[in-house]
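Enquirer: Structural data only, the sequence is not supplied:
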């Protein structure tokens, strides 16, 4: 029987190795009452499980990946790099990097805030050159990030 005065219940699922202290699991008042009612009904001490909230990595990753907006056909990083160098030219091509091209949004990464300002000034011309390299329907906007 679960003691009604205690908010802590010892974890009795596994035997304690040699002389280790007893592990306690915190229970809310509602959970205490539910466990007490089940214990009274079935006339047994409830069994506590250490693995009740444990999930496999496969199940979690599958759920996360199913929610991501991924394209079926990814763009090859080498193709992105070559297209960026051709569109941006040698100076901009070395100062900034085309990170991704997903759903028509070209993400460009720069390290310096001054280069960010420079790219924002030339964003329209750069968008036209990227459309020439990757196709008119492949790129419809540019996002610039510092980092």
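Expert: It's in. Source: prediction; values computed, not measured.
Enquirer: contacting residues around residue 113?
Expert: residue 146 (CB atoms under 8 Å, 6 or more residues apart in numbering). The C-beta positions use only the backbone N, C-alpha and C, and glycine is treated the same way.
Enquirer: ok, then the element right after the helix ranked longest in the chain?
Expert: Taking DSSP state H as the assignment, the helix of the chain that covers the most residues is helix 77-95. Toward the C-terminus, helix 77-95 is succeeded by strand 96-102 as the next helix or strand (DSSP states H and E).
Enquirer: Helix 77-95 and that next one, what's the angle between them?
Expert: With axes from the mean of the first three to the mean of the last three CA atoms, to 10 degrees applied, the angle from strand 96-102 to helix 77-95 works out at 150 degrees.
Enquirer: Quick one: residues in contact with the longest helix of the chain.
Expert: 96-98, 100-101, 110-112, 115, 118-119, 126, 129-130, 132-134.
Enquirer: How many neighbouring residues does residue 134 have?
Expert: Around residue 134 there are 20 other residues, counting by other CB atoms under 10 Å.
Enquirer: Next up, phi/psi of residue 122, please.
Expert: Per-residue torsions, residue 122: phi -100, psi 20 (degrees, to the nearest 10).
Enquirer: Look up how far residue 139 lies from it.
Expert: According to CB to CB, to the nearest Å, residue 122 and residue 139 sit 15 Å apart.
Enquirer: In which helix or strand does residue 145 reside?
Expert: Using DSSP H and E, residue 145 sits in strand 141-146.
Enquirer: Describe which strands that strand pairs with in its sheet and in which direction.
Expert: Sheet pairing of strand 141-146 (DSSP bridges) gives strand 105-110 (parallel).
Enquirer: And for the partner strand, what's in contact with it?
Expert: Contacts with strand 105-110, where a contact means CB under 8 Å, 6+ apart, come from 95-101, 116, 119, 127, 130, 139-147.
Enquirer: Could you measure from the spatially most central residue of the chain over to residue 58?
Expert: Central residue of the chain (CA atoms, centre = their mean): residue 64, 7.3 Å from the mean position. The gap separating residue 64 from residue 58 is 11 Å, by CB to CB.
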